[in-house]
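>>> Sequence plus the predicted model coming up.
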Amino acid sequence: MEGTDIKSLQDECRTRMNAVLDHLRRELAGVRTGRASTALLDPVMVEAYGATMPVNQVAQLSIPEPTMILAQPFDPSLINAIEKAIRASNLGLNPSNDGKLIRLPIPALTAERRKELVKRLHHMAEDHRVAIRNIRRDGNESVKKLLKDKKITEDEDKRAHDDIQKLTDTHMQKLEQAMKSKEKEILEIS
């Protein structure tokens with residue numbers, strides 16, 4: 001971190017921690033629950049026109065009912081490639097196509113699958129906790145460097161360390177809330 005003063009260091013820490021939370025939220029949106037969500041298909045990549053493209057760039061995705069995703073290819077010749085990519089994605093979905101649309105019924109989650117998803121959720125959360133702790137460490141090292149270079153006093157050093165810790169605690173709480181909310185959604189049997 002290259003802050004010249006405590007305020008810019010703290011702002012940089014806050015920005016980086018917010019980015020970690022945003023990344024976690026995007027990843028959580030892609031974790032399957034019992035409900036349909038187009039974000040579920042975000043990791044699906046389709047071979048089209050000699051390139052690999054996200055499914056949402058080759059098909060219009062919609063949710064006509066809570067347990068169904070429809071994918072309507074922009075180019076009907078890609079319907080088989082899209083179906084193949086969805087099957088290969090390991091999402092546990094069984095697409096069917098009628099020549100114009102791909103229907104993706106979202107099956108109810110089994111108890112075993114719910115446990116797997118919760119386990120995956122905990123791994124995701126831990127990776128993001130580590131990222132936040134690393135940002136805290138970088139911020140604290142930068143503050144120590146400012147003290148060593150005599151750009152701040154010892155009192156400012158102590159206050160800056162406390163502020164970075166408060167920032168870290170706040171972001172950890174937000175991470176936990178997002179995780180618990182998603183876990184509840186997964187374990188909820190509709």
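Happy to help now that I have it.
>>> Phi, psi for the residue sitting furthest away from the middle of the chain please.
For the chain, the C-alpha farthest from the mean C-alpha position belongs to Lys150; by CA atoms, centre = their mean, that distance is 40.1 Å. Dihedral angles of Lys150 (phi, psi; degrees, to the nearest 10) stand at phi 60, psi 30.
>>> List the contacts of it.
With contact taken as CB atoms under 8 Å, 6 or more residues apart in numbering, Lys150 is in contact with no other residue. Placement of C-beta: from N, CA and C, glycine included.
>>> how far away is it from Pro64?
Look at Lys150 and Pro64: by CB to CB, to the nearest Å, they are 65 Å apart.
>>> Could you do Glu154 as well?
Going from Glu154 to Pro64 by CB to CB gives 63 Å.
>>> next one: Leu121
The spacing between Leu121 and Pro64, counted by CB to CB, is 28 Å.
>>> which of the two has more neighbours?
Counting neighbours by other CB atoms under 10 Å for Leu121 and for Pro64 shows that Leu121 has the greater number, 20 against 10.
>>> dump the residue contacts of that one.
Under the criterion of CB under 8 Å, 6+ apart, the neighbours of Leu121 are Leu28, Val31, Met179, Lys182, Glu183, Ile186.
>>> Name the SS class of the second one, please.
If I follow you right, that is Val31. For Val31, the secondary-structure state derived from DSSP: H, G, I helix; E, B strand; the rest coil is coil.
>>> So it is in contact with Lys182, correct?
Yes: taking CB atoms under 8 Å as the contact criterion, Val31 and Lys182 are neighbours in contact, 6.4 Å apart.
>>> Which one of the two is surrounded by more residues?
Remark: of Val31 and Lys182, Lys182 carries more neighbours, 22 against 18, as counted by other CB under 10 Å.
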